[in-house]
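Engineer: Turn this into a model:
(chains A, B, C and D)
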Number of protein chains: 2
Amino acid sequence: MRPFDQSLPMALLRAREAVMRGFRRLLRAHGLNEQEWRIMRALMETDPLEIGELATRVFILKPSATRTVKNLEAREIVSRSRPRSDQRRALIALTLRGRDLFDELAPHSELEYTRISRVIGADDMDELYGLLGRVTDALNGG
Amino acid sequence: MRPFDQSLPMALLRAREAVMRGFRRLLRAHGLNEQEWRIMRALMETDPLEIGELATRVFILKPSATRTVKNLEAREIVSRSRPRSDQRRALIALTLRGRDLFDELAPHSELEYTRISRVIGADDMDELYGLLGRVTDALNGG
DNA sequence: GACAGCTTGTTAACATGTTAAATATCAAGC
DNA sequence: GCTTGATATTTAACATGTTAACAAGCTGTC
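Structural biologist: Predicted structure coming up:
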């Protein structure tokens, strides 16, 4: 049987941890975890967003999204509203405070990204993106 | 700021989920989760193994390893012993039952692996392994 | 051989992931 | 307009990850 080091899931997990280490340190310094930052980024791109759609985009299950959004709400980083047209839905948006926090963190995040690109090398970085995209699409029946 | 689809941690996470989907279905059919299977594989390679060394190899933190090993022990898939020379240590080994379960699952796992290789293509598969290894090593200060 | 400090593993407390069931609203058909 | 079924979200219960503290055994030094 294939030895451990040649297990694709393990290789992906280790690579992700290696990449995340710097980011996590950065986020924690600003009182955020990984999921909260993903949600903030998604909302920065499109805002407001239904919580279900938000969960899909940030690749978190809906119950986790509910819980994480509740935490962000308590810290007044996001706000929630129910549209009149459909009272089942929950629309999430960044507050002003949330946007400020994003603006504060974003440059640090970009810097860390640049550092990673330098360490890995631009060619491998591009190659890796391409490969991951192709592999994911292929496996998801693309 | 970089859009979501170009976030390396997200790309790695999605790729891993895509790869794992088939495996998880397979493992669950045999009553195992991902971590339990990783532990069994590691023990199949080297057996017995101290629980700390085991945790390192399968990329699980020690408290989780303690818990997972306890579960495997309860199902008599692994056994535990304390060497006389150092009573702090806990040596974990597969039981006969554990080896049987492994032998039952391994061919299915290999088959799934073959399926994935076919879907992805051998070239991309090799390329991906190489890249992930290089990236991980580079980021971990290699 | 007693003490201090190190190592190994566990426990405890809390955070997050996951699954199933519950709640609330909407929409369609009668 | 009532009922049935579908949809969106939440809650609940449990599994796993994570951090810090704890317990027990070892090791070297005096």
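
Engineer: only C-alpha atoms for contact and neighbour calcs from this point on.
Structural biologist: Fine.

Engineer: Quick check: A:Arg82 vs DNA strand D, distance?
Structural biologist: 8 Å (C-alpha to the nearest atom of the strand, to the nearest Å).

Engineer: Hmm, that residue is touching A:Glu50, no?
Structural biologist: No - under the contact definition of C-alpha atoms under 8 Å, A:Arg82 does not touch A:Glu50, with a separation of 9.4 Å.

Engineer: Show me which of the two is the more surrounded one.
Structural biologist: Of the pair A:Arg82 and A:Glu50, A:Glu50 is the one with more neighbours under other C-alpha atoms under 10 Å in any protein chain shown, namely 17 against 13.

Engineer: my guess is that one contacts A:Ile92, does it?
Structural biologist: Yes - A:Glu50 is in contact with A:Ile92 according to C-alpha under 8 Å; the separation is 6.1 Å.

Engineer: Name the nearest residue to the spatially most central residue of chain A, sequence neighbours excluded.
Structural biologist: Centroid-nearest residue in chain A: A:Arg38, 2.7 Å away (criterion: C-alpha atoms, centre = their mean). Sequence neighbours aside, A:Val58 is the residue nearest to A:Arg38 in space, at 6.0 Å (criterion: C-alpha to C-alpha, 6 or more residues apart in numbering or on different chains).

Engineer: ok, the one you found - contacts?
Structural biologist: A:Gln35, A:Arg38, A:Ile39, A:Ala42 (C-alpha atoms under 8 Å, 6 or more residues apart in numbering or on different chains).

Engineer: So which of those are in helices?
Structural biologist: A:Gln35, A:Arg38, A:Ile39, A:Ala42 (DSSP state H).

Engineer: what's the longest helix in chain A?
Structural biologist: helix A:96-120.

Engineer: helices or strands up against that helix?
Structural biologist: helix A:8-29, helix A:34-45, helix B:122-139 (3 or more C-alpha pairs under 8 Å, 6 or more residues apart in numbering or on different chains; DSSP states H and E).
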